[in-house]
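1. Here is a sequence with its predicted model. Questions after.
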Amino acid sequence: MVIYAGIDEAGYGPLLGPLAIAATAFPLHEAASRVPDLWARLPSIVARERRAARGRITIADSKRLKGARGSARPLAALERGVLAFLGPPVPPTDAALLERVGAGLPPLPWYADPVPLPVDGDAGLLGIDAARTHLACLRELAGAPVLLAELIDAGEFNDRVARTDNKSEAVFAAVIRLVERIRRRWPEAELRIVCDRQGGRRDHRRELAWAIEDASIRVLSEGDRMSAYRVETPHACPLQIAFLTEAEDAHLPVALASMTAKYLRELAMTRLNRFFTARQPALQPTAGYVEDGRRFLADITPLLRTLAVDPEVLVRSR
């Protein structure tokens, strides 16, 4: 059996809210030398583009699927894809969703109240989507997919970056933790993992050798668009991992990971915005990105003093 997995993140650059890293893993029967096109393998369920979906679930880069803030049902497309591949039953709250993907938020007051799900969809229809998707994966693949995630909030993010003096190392460490979670779930399967590559770095061999204990690493390719490696360890099946620019356009598991990470981050920001707007009703919500995040922080500065909030646990240092 081969596990075909994708990893992507959302929230690398914002000032507020968590960095979300997600992985989606699909079990396959064949030990194929080339990974399959899952859009083609699941044609009755998924589509690459919203305009060609015709009722099917669109799986694509999250940036193309999330609606603008203030638009009607901005999370509808993300929500439908994530909850369909999560499988039944549809979780009643984001807390239940976080539990199923193995992620969590810190015990801070602005994250205390769960968000009821679904946010922008119909629970009954989403339940049908989840059941149909689950059955299609059982029929066409070697089993149902698994969605995993990790959320790194501002306080933890600041600590990690302070220790390494490098934002990308904090993300890479989270990627490897997700890889290890996949390996533990399928200890006897060979893994084919594709990660969306951020920036222009081509050489990941040293990072892999540092992160994976007792690893023997062979470079398969290192180029402008993709770097790929075969990793072998004494007590686990080998894995192949590739870092690819615009990976979500070529690999459905990466596109779904992008959607999952973005959806989880948006739910966390919903909690944060509800907390502060409940205490300051005229306050405009924020997506947390730098320019608007600064506006939001300026607006809530008196409230933060009243609540005795340490900025280190709310605001990223870089």
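-> Perfect, thanks for sending it.
2. count of neighbours near the closest residue to L78 other than its chain neighbours?
-> Using CB to CB, 6 or more residues apart in numbering and skipping the chain neighbours, the partner closest in space to L78 is Y263 (4.4 Å). C-beta coordinates here come from the backbone N, C-alpha and C atoms, glycine included. For Y263, the count of nearby residues is 28 (other CB atoms under 10 Å).
3. same question, the one 4 residues further on
-> With neighbours defined by other CB under 10 Å, the count for L267 comes to 26.
4. Was I right to think it contacts V115?
-> Yes: judged on CB atoms under 8 Å, L267 makes contact with V115 at a distance of 5.4 Å.
5. Now the common contact residues for these two.
-> Common neighbours of L267 and V115 are listed as D94 (criterion: CB atoms under 8 Å, 6 or more residues apart in numbering).
6. what's the spacing between V290 and A261?
-> Using CB to CB, to the nearest Å, we find V290 at a distance of 19 Å from A261.
7. Ok, A130 next?
-> 19 Å.
8. sorry, back to before: and V290 and A261? Which one has more around it.
-> Taking neighbours as other CB under 10 Å, V290 and A261 compare with A261 leading, 31 against 12.
9. what's that one in contact with, if anything?
-> If you count contacts by CB under 8 Å, 6+ apart, A261 has them with 8-11, 20-22, 62, 149.
10. how about a cut-off of 6 Å?
-> By CB atoms under 6 Å, 6 or more residues apart in numbering, the residues touching A261 are 8-10, 20, 22.
11. Identify the farthest-apart pair in those.
-> Of all pairs drawn from the contacts of A261, the widest gap by CB to CB lies between D8 and A20 and measures 9.3 Å.
12. that's a strand at the residue nearest to L78, yeah?
-> No: applying DSSP: H, G, I helix; E, B strand; the rest coil, one finds Y263 to be helix, outside a strand.
13. How about A23: what's its closest non-neighbour residue?
-> L178 (4.2 Å).
14. Mind checking which of the contacts of A261 land in strands?
-> 8-10, 20, 22 (DSSP state E).
15. what about the helices in the stretch 101-250 of the chain?
-> 123-140, 154-164, 167-185, 205-211 (DSSP state H, counting those that start in this stretch).
16. Which residues outside the longest one are in contact with it?
-> Meaning helix 167-185. 5, 7, 21, 23, 25, 148, 150, 160-161, 195, 207, 211, 236.
17. quick one: which of those residues is nearest E312?
-> The closest of those to E312 turns out to be V161 (CB to CB; 11.9 Å).
18. Roughly how far does D129 sit from R265?
-> In terms of CB to CB, D129 sits 22 Å off from R265.
19. quick one: low-confidence ranges for the protein?
-> Applying pLDDT under 70 to the chain flags the ranges 31-34, 67-71, 198-200.
20. so which of the helices of the stretch 101-250 of the chain comes closest to D249?
-> helix 167-185 (19.2 Å).
21. Wait, E232 touches I217, no?
-> No: using CB atoms under 6 Å, E232 is not in contact with I217; the gap is 7.9 Å.
22. Who has more neighbours out of those two?
-> More crowded of E232 and I217, by other CB under 10 Å: I217, with 18 against 14.
23. Distance check, that one against R230.
-> The value you get for I217 to R230, if CB to CB is used, is 7 Å.
24. hang on, the earlier thing: pull the most distant pair out of the contacts of helix 167-185.
-> V161 and A236, at 29.7 Å, using CB to CB across the contacts of helix 167-185.
25. contacting residues for V194?
-> Applying CB under 6 Å, 6+ apart, the residues contacting V194 are 6, 242, 244, 247, 251, 254.
26. can you count the residues close to the fifth one?
-> Going back to what we said before, that points to H251. 28.
27. which outside residues touch stretch 300-314?
-> 154-155, 276, 280.
28. Top of those by number of neighbours, please.
-> A154 (23 neighbours).
29. Now do the contacts for that one.
-> Here A154 is in contact with 314-316 (CB under 6 Å, 6+ apart).
30. one more time with 7 Å
-> 313-316 (CB atoms under 7 Å, 6 or more residues apart in numbering).
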